[in-house]
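> got a structure for you, letters missing:
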């Protein structure tokens with residue numbers, strides 16, 4: 001028996017080595033494509049961010065010099081126009097993320113729960129209708145949005161029915177919170193600041209123009225995330241919810257304590273994709289206002305393009321792109337930590353034990 005077992009183990013390990021070699025062989029073309037079209041450009045962009053390449057010739061030419069962190073310093077610490085523009089773009093995009101991610105997630109979850117109900121007639125129609133804006137070109141949606149939110153557009157016409165005078169949306173640089181709190185803030189907030197932007201301007205909220213972009217983002221992305229939530233809901237078993245119904249839990253308690261915790265992996269995916277998409281917003285800005293009015297719709301992604309292609313500051317443009325990459329990674333890790341699986345606390349374990357003992361007696 002021992003003599004027969006040894007060759008079998010050797011044969012199985014050889015088979016595993018053959019499978020591993022075959023796996024590497026089949027994935028080699030994809031790895032090569034990713035290396036050529038993803039890894040190499042990223043490494044070249046990283047080199048551009050620490051060099052003085054002027055956009056002519058090859059970045060790897062001998063005339064291109066290493067300048068270290070000068071491009072990053074120009075954006076983050078020098079206090080010049082580049083720093084102020086980056087601070088303004090970061091402020092605009094931060095408010096965009098703070099408002100879009102929760103709104104689109106909540107709306108997508110609500111729509112998914114709505115179209116997942118068995119008693120709803122025409123569920124296929126509603127799923128298609130809610131998802132349709134997501135498959136429409138973002139440029140086309142932006143052009144339509146600028147028409148709807150113009151001074152004489154349909155949105156202001158609807159507001160006039162209720163006696164409200166709508167603003168000139170995409171040409172109004174006023175911050176939403178500034179309109180509520182007043183144009184001038186406390187001296188302490190007006191003097192201090194970060195990245196060339198005062199704390200009072202950081203607290204201005206999104207401009208009216210950026211608010212229109214926020215509404216557009218929620219409108220166009222909620223359908224995609226609705227499908228993700230819908231897939232998660234359809235994969236949930238009904239046993240636990242039925243047990244909760246038998247225990248007298250109402251609909252909100254079942255959703256909050258049973259359905260939503262089981263959707264945590266889907267929720268993490270939706271929040272991560274939403275976070276990345278919001279920090280990388282570019283095409284809507286490029287097709288619409290291009291940072292106007294008064295740079296209140298400027299975003300880091302568009303500023304990176306503008307610095308490199310319009311101002312020929314290729315190093316600064318690449319530096320902004322990598323700073324944005326670090327911001328996205330940090331926020332994703334924080335989100336992963338917040339949504340991590342936590343062990344049951346000893347207090348709850350003792351409560352369950354007391355309940356079980358009471359039921360057994």
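Right, received. Where do you want to start? For clarity, every value in this text was computed on a predicted model and none was experimentally measured.

> list the contacts of the closest residue in space to residue 93 that isn't next to it in sequence.
Among residues not flanking residue 93 along the chain, residue 299 sits closest, at 4.7 Å (Cβ to Cβ, 6 or more residues apart in numbering). Every residue, glycine included, has its C-beta placed from N, CA and C. Contacts here follow Cβ atoms under 8 Å, 6 or more residues apart in numbering; on that basis residue 299 touches 89, 92, 93, 96, 281, 282, 285, 291.

> of these, grab the buried ones for ChimeraX.
With 16 or more other Cβ atoms under 10 Å as the burial test, the buried ones among these are selected in ChimeraX as follows:
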select :89,92,93,96,281,285,291
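
> how near is the residue nearest to residue 93 to residue 260?
Residue 299 is 31 Å from residue 260, where distance means Cβ to Cβ, to the nearest Å.

> now do residue 168
With Cβ to Cβ as the criterion, residue 168 and residue 260 are 41 Å apart.

> comparing these two, which residue is more hemmed in?
The residue with the greater number of neighbours, taking residue 168 and residue 260 and applying other Cβ atoms under 10 Å, is residue 168; the counts read 15 against 12.

> pretty sure that one contacts residue 151?
Yes: the pair residue 168 and residue 151 passes the contact test of Cβ atoms under 8 Å, sitting 4.2 Å apart.

> so which helix or strand of the chain has the lowest pLDDT on average?
Every helix and strand of the chain was ranked by mean pLDDT, DSSP states H and E. The lowest is helix 346-360, at a mean of 60.

> next secondary structure element downstream of the longest helix belonging to the chain?
Looking across the chain with DSSP state H, the single longest helix is helix 81-115. Per DSSP states H and E, helix 81-115 leads on to helix 123-135 as the next helix or strand towards the C-terminus.

> what does the following helix or strand past that following helix contact?
Next in sequence after helix 123-135, counting helices and strands by DSSP H and E, comes helix 138-148. Judged by Cβ under 8 Å, 6+ apart, the contacts made with helix 138-148 from elsewhere in the structure are 133, 153-155, 170, 212, 216, 219-220, 283-284, 287-288.

> mind running it again at 6 Å?
By Cβ atoms under 6 Å, 6 or more residues apart in numbering, the residues outside helix 138-148 that reach it are 153, 154, 155, 170, 216, 220, 283, 284, 287, 288.

> out of the residues you listed, flag the one nearest to residue 48.
Ranked by distance to residue 48 (Cβ to Cβ), those are led by residue 283 at 22.5 Å.

> and for the spatially closest residue to that closest one that is not a sequence neighbour, the neighbour number?
Spatially, and ignoring its direct neighbours in sequence, residue 283 is nearest to residue 138 (5.0 Å; Cβ to Cβ, 6+ apart). Other residues near residue 138 come to 20 when the count uses other Cβ under 10 Å.

> next, the buried residues of stretch 107-119.
107, 108, 109, 111, 112, 115, 116.

> just stretch 21-40 next, same as before
Quick answer for stretch 21-40: no buried residues (16+ other Cβ under 10 Å).

> give me the three-state assignment for the most centrally placed residue in the chain.
Within the chain, the residue whose C-alpha comes closest to the C-alpha centroid is residue 275; the distance, by Cα atoms, centre = their mean, is 1.6 Å. Under the three-state scheme (DSSP: H, G, I helix; E, B strand; the rest coil), residue 275 adopts helix.

> appreciated, that's everything.
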